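Novice: my questions concern the predicted model and sequence given below.
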Amino acid sequence: QVQVVESGGGLVQAGGSLRLSCAASGRTDGIYAVGWFRQAPRKEREFVASISWSGPSTYYPDSVKGRFTISRDNAKNTVYLQMNNLKPEDTGVYYCAAARGWESSIHRSRYDYWGQGTQVTVSS
């Protein structure tokens, strides 16, 4: 089993930045791709970013491309999501998820382990 815990959320003004962290513990000796998703009130959980095990492959939806950057430090079992130029529509609960295997995915069903989420609120 792998446990993932998100941190770094908070309240920020539009145009500001936040860096989210996703720390993994437990059976972290395997190979895991990681994704970030978010869920706004009354909306479906949506894909935000993902990164492969070794890091060269990253994916973003158009809504965050150029503003968000996902990275990882496997020695620390931690994945980061740097979010710049935040907009009110970025508000939501951000979830980190881990998937067994090398490649990540934009699809929630690919992921085996989920964190509890961290709240991000962007004020206008």
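Specialist: The structure has been received and is ready for your questions.
Novice: quick check: residue 100 touching residue 34?
Specialist: No - between residue 100 and residue 34 there is no contact under CB atoms under 8 Å: 11.1 Å. Where you see a C-beta, it was placed from the backbone N, CA and C, and this is true even at glycine.
Novice: more neighbours: which of those two?
Specialist: Neighbours of residue 100 and residue 34, each counted by other CB atoms under 10 Å, are more numerous for residue 34; the result is 25 against 15.
Novice: so residue 119 is in which element?
Specialist: According to DSSP states H and E, residue 119 maps onto strand 118-123.
Novice: in its sheet, what does that strand sit against?
Specialist: Here strand 118-123 is paired, per DSSP bridges, with strand 10-13 (parallel), strand 92-100 (antiparallel).
Novice: nearest to residue 48, out of those?
Specialist: strand 92-100 (7.0 Å; CB to CB).
Novice: do a quick rundown of the strands in this protein.
Specialist: 2-7, 10-13, 18-26, 32-39, 46-51, 58-59, 68-73, 78-83, 92-100, 113-114, 118-123 (DSSP state E).
Novice: quick check: beta-bridge partners of residue 78?
Specialist: residue 23, residue 73.
Novice: typed the wrong thing, it's residue 2
Specialist: residue 26.
Novice: just want the most central residue of the chain.
Specialist: residue 36 (2.5 Å; CA atoms, centre = their mean).
Novice: tell me the contacts of that residue?
Specialist: 20, 22, 47-50, 70, 79, 81, 94-97 (CB atoms under 8 Å, 6 or more residues apart in numbering).
Novice: make TSV out of the residues you listed and add neighbour count.
Specialist: Below are the contacts of residue 36 laid out as TSV (neighbours: other CB atoms under 10 Å):
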residue	neighbour count
20	25
22	26
47	20
48	25
49	27
50	25
70	24
79	29
81	26
94	25
95	23
96	28
97	26
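Novice: and of the residues you listed, the nearest to residue 106?
Specialist: residue 47 (4.4 Å).
Novice: which residues touch the closest one?
Specialist: Per CB under 8 Å, 6+ apart, neighbours of residue 47: 35, 36, 37, 59, 61, 106, 107, 108.
Novice: let's see 6 Å
Specialist: Neighbouring residues of residue 47 by CB atoms under 6 Å, 6 or more residues apart in numbering: 37, 61, 106.
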